[in-house]
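**Q** Kindly generate the corresponding structure for this input.
(chains A and B)
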Number of protein chains: 2
Amino acid sequence: MIHAVIMAGGVGERFWPLSRSATPKQLLNIIGRETMIEQTVSRLKPMVDESRIWVVTTVAQAPAIRKLLPGIPVSHILREPIGRNTAPCIALAAYAIAREEPEAGMVVLPADHVISPKREFQRTIRAAARTAAELGSLITIGIKPTFPSTGYGYIKRGKKISETGGLTFSRVSRFVEKPDRKVARRFLKSDLYTWNSGMFIWSIPAIIKAIEEHLPELADALSPLLKVGIRRRQAFLDRVYPGLPKVSIDYGIMEKHSDVLVTAAAFNWDDVGSWEALEKYLNKDDDNNYARGELVGVDSDNCISFSTGPLVGLVGVSDLIVVASGDAVLVCPRDKAQDVKKLVQKLKAKKKYQELV
Amino acid sequence: MIHAVIMAGGVGERFWPLSRSATPKQLLNIIGRETMIEQTVSRLKPMVDESRIWVVTTVAQAPAIRKLLPGIPVSHILREPIGRNTAPCIALAAYAIAREEPEAGMVVLPADHVISPKREFQRTIRAAARTAAELGSLITIGIKPTFPSTGYGYIKRGKKISETGGLTFSRVSRFVEKPDRKVARRFLKSDLYTWNSGMFIWSIPAIIKAIEEHLPELADALSPLLKVGIRRRQAFLDRVYPGLPKVSIDYGIMEKHSDVLVTAAAFNWDDVGSWEALEKYLNKDDDNNYARGELVGVDSDNCISFSTGPLVGLVGVSDLIVVASGDAVLVCPRDKAQDVKKLVQKLKAKKKYQELV
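**A** Here you go, the predicted model:
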C-alpha cells in the first residue's frame, strides 16, 4: 500500500505577517477556502486513505495540524524537535512507516503547493507509484516550466526507462542549481528540463537502502525507529535530532543515487513562494489592484493587498504589497517580496518583537 | 471680560484613518499626551476661566468634547446642525455670548493648532484683547512665515495703528489667497506679510455690528439667539441653520470691514494640516523613519508611520506614510498626503464604508 508523507516544516517567513512560526503558509487559507495542508490531503485521499497519511512538522505547528486534520492518526504526526533540512525529515518518516509496513510505497509531498487539476495529479502519482514499485527506483516529479524561472532548481532528463499511464519515466541526467535568467530561458526552450518540485515517490525498501548507502550516519541515528514504540518516539527524537546532519534529500541522496528517475508532470503547479506570487489568486479591481479583504484605492494601481480585517486605503501608490494581519502591517514593493524574510529575521532578533513572528 | 470661542467643527479628513467624523484631529492626541482641543483650553485657562470658554462643534463631536472638557459649561458647547463655514459659526457664538455678557471681549481660536510657547501666546492674546477693547477694531492674528508656504493665505499689513505689550497693530492692507511658490518666496523675504491663522479678537459689540453691516441676512437669522433660551436653542438652530449662507469670516466680514488690524504673533504656530506635517512631532529612528507606535524597517527610509496598535513592518520603501488605526490602514506617499481627502470622499460615497469615515 502507498503511504503519503506531507512535509510541513516550513516556517513561512515570506508570508509574514499572515504567517507566523506557529501558522506558516501551509496552515493558512491564502488560496481557496481550505488551508494548503488540507488541500494537500484532499488531493491525496482518493489514492491514499487518511490512515496511511503522515505529516512531518515542527513541535509548534503540530497542535494546529491535529486540529485541521482530525482524520490522520495522531501517531502519524511526526514532530521534529529542530529543523534539519529534508533528508532527516524524509528518513524519519521512512523508518516510521517501515515500522508499520516495511514493504510500503511512499509518496513525499510538500504541504504548501498549489496543484490543479486534482485528477491529473492523481494520475501522475499512481503511474509513478506503479513504476517505483516495479523498478525499485527513486522517482522525482518534475514540473514542465511555464516561464524562465530563476527561483527553482531544474532536473535534466536522460535516457527513457519506462512508460506508464501516459507518463514517461527517464533516468535523471543531472540536477541543476537555480540558473541565471539566460540559462533559464534555454532550459525553457529545451524539453529536457523540468523544475525540481520536491515531490518524490519510492518504495520503503528502496529509500531505506539509499539512506544507508549515501547517509549512513543518518541511517544509524534513525533506524532505531524501527523498534522504538510510539510512546517513546518523541523522547528518542529529542535526543538524536540535534546530532543529525543538516542535508537536503536532493544533495544527500538524489544527486548521488544511481537509480533515480524523473517524470514530467502535466498538472499545474505553484509553490507560491512569496506575496508577489499571490496575484493570480486574488480579486482584481478596476485599477488592477489585487485584493483579499477590503481595499479602496485612489490613483493607485498594480498593488497586492491582503487584509484579514482592516480596510486598506491606498492613495497614489503603485506596485506595492500591503498586508494587514492582526497585530502587524507590512508594506513592501512587489519586486522586494523576497526581502520580507529579512524583516522577519530582524524581528526575531529583538526580544520585544519575538511574539510577532 | 473675555470669552473664548474654540472652533471645533473640522471633520479631520486629512488624518484618516486616525481621525473619523466623530473624532477629528482636534479630538486626537496626535501631538503630545493631551488632545489638541484640551491643549487649546490649557493655553487659554490662565487668561479665560473655563466658565467663559465656548466650543462650536458638530452634533457628532459634541459628546466627546463634553467628556474631554468637563469644566466647560454644557450650555457653552454649541452644536451646529450642519457646517456653514466660519462666518455663521462665529456669529452663532457671538450672539450666544452677547446673551450672557453683551459688552464682552471675544477671542476666536481653531481647536487644532499647535502653538508654543504658551506664555508668548498669552502675551499676544492679552495685548490684542486690550487693543480690541480700546479701539473697537476687529483684530486678526498673523503668523510670521518661516517658509514660503503655498498652503496658507497671507495678510499684508499697512499703516501702524498702535503698540501694546511689545506688539504692533497695523491696519490690514490686503488679504491674499494662497500664493504660488514664487510669490510665497517674495512674501517670506518681505516683512509686510503674515500667515492668516484664523485666530481673531474683537469685542462683542464690534463683531455684531460688523455682522449686521456685511452679512445682514446672517444677523437676521441668528440675532434671535439674544432671546432664545438655552433649552430651545438647539431646536432654533436646527430650524435656521440650513438656510444660512455658506461663507467664511475672512470673505464675509474681514476683507470687507473698514477697521481690521493685524499683529504679527511671535509664537510658533502649526496647523498640522496633514500626515506629512507630523514628521517633526514623531520619534526618528536610525533610518530617518518617523514613528508613533512600533515600526521596524528593512532598507526603508524617510517614512512616516503612525500606528495605534499593530507593528508596522516596512521593507524596501521610502517617503511613504503608513497609518494603522483600528479597522483601517492607509498607505500614501508623503507628497500625496493632501489626497487622503480624496480617499475619504470615496469611502463616504460607498454605503458599506460609511462607518469607516
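
**Q** Over to the closest residue to chain B within the stretch 51-200 of chain A: give its phi and psi.
**A** For the stretch 51-200 of chain A, the residue closest to chain B is residue A:151, as judged by CB to the nearest CB, at 17.9 Å. Any C-beta I mention is one placed from the backbone N, CA and C, and that applies to glycine too. Torsion angles at residue A:151 (phi, psi; degrees, to the nearest 10) stand at phi -100, psi -10.

**Q** Residue A:165 now?
**A** Dihedral angles (degrees, to the nearest 10) for residue A:165: phi 50, psi 40.

**Q** Let me see the contact set for it.
**A** If you count contacts by CB atoms under 8 Å, 6 or more residues apart in numbering or on different chains, residue A:165 has them with A:123, A:126-127, A:130.

**Q** Swap in 10 Å and give it another go.
**A** A:123-124, A:126-128, A:130-131, A:263 (CB atoms under 10 Å, 6 or more residues apart in numbering or on different chains).

**Q** so which pair among the residues you listed is furthest apart in space?
**A** Comparing every pair within the contacts of residue A:165 by CB to CB identifies A:123 and A:131 as the most remote, at 12.7 Å.

**Q** Mind listing the shared neighbours of the two?
**A** A:165, A:167.

**Q** if you count what's nearby, which of the two comes out ahead?
**A** residue A:131 (24 against 18; other CB atoms under 10 Å in any protein chain shown).

**Q** Quick check: mean pLDDT of stretch A:277-289?
**A** The predicted model assigns stretch A:277-289 a mean pLDDT of 92.

**Q** Same check on stretch A:158-166?
**A** Here the average pLDDT along stretch A:158-166 is 95.

**Q** Which parts of it count as buried, going by neighbours?
**A** A:161-162 (16 or more other CB atoms under 10 Å in any protein chain shown).

**Q** Tell me the buried residues in the biggest helix by length in chain A?
**A** Scanning chain A for the longest helix, with DSSP state H as the assignment, gives helix A:118-135. By 16+ other CB under 10 Å, the buried positions in helix A:118-135 come out as A:121-133, A:135.

**Q** Keep the residues you listed, but drop any that are not near chain B.
**A** Among those, no residue is within reach of chain B (CB under 10 Å from any CB of the partner chain).

**Q** With pLDDT as new columns, can the contacts of residue A:165 be given to me in CSV?
**A** Putting these into CSV (pLDDT from 0 to 100) gives the following:
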residue, pLDDT
A:123, 96
A:124, 97
A:126, 96
A:127, 97
A:128, 97
A:130, 97
A:131, 98
A:263, 98
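
**Q** residues in contact with residue A:117?
**A** Here residue A:117 is in contact with A:43, A:123, A:266-268 (CB under 10 Å, 6+ apart).

**Q** For residue A:239, give its distance to residue A:76.
**A** Distance, residue A:239 to residue A:76, using CB to CB, to the nearest Å: 21 Å.

**Q** Among the two, which residue is more densely surrounded?
**A** Between residue A:239 and residue A:76, residue A:76 has the larger neighbour count (other CB under 10 Å), namely 23 against 11.

**Q** The more buried one reaches residue A:50, doesn't it?
**A** Yes. Residue A:76 sits in contact with residue A:50 when judged by CB atoms under 10 Å, with a separation of 8.7 Å.

**Q** Name the residues contacting each of those two.
**A** By CB under 10 Å, 6+ apart, the residues touching both residue A:76 and residue A:50 are A:4, A:69.

**Q** Tell me how chain A divides into domains.
**A** Using automatic domain parsing, the domains assigned to chain A come out as A:2-270, A:275-356.

**Q** Measure how far the shortest one is from the centre of its chain, please.
**A** The offset between the C-alpha centroid of domain A:275-356 and the centroid of the whole chain comes to 23 Å, using CA atoms, centre = their mean, to the nearest Å.

**Q** go on, stretch A:1-21?
**A** 7 Å.

**Q** Also stretch A:258-268?
**A** With CA atoms, centre = their mean as the basis, the mean position of stretch A:258-268 lies at 16 Å from the chain mean.

**Q** What of stretch A:202-221?
**A** 21 Å.

**Q** Would you tell me what the next helix or strand after the worst-scoring helix or strand of chain A on mean pLDDT is?
**A** Counting by mean pLDDT, DSSP states H and E, the weakest-scoring helix or strand in chain A turns out to be strand A:283-284, with a mean of 91. As assigned by DSSP states H and E, the chain's next helix or strand after strand A:283-284 is strand A:290-292.
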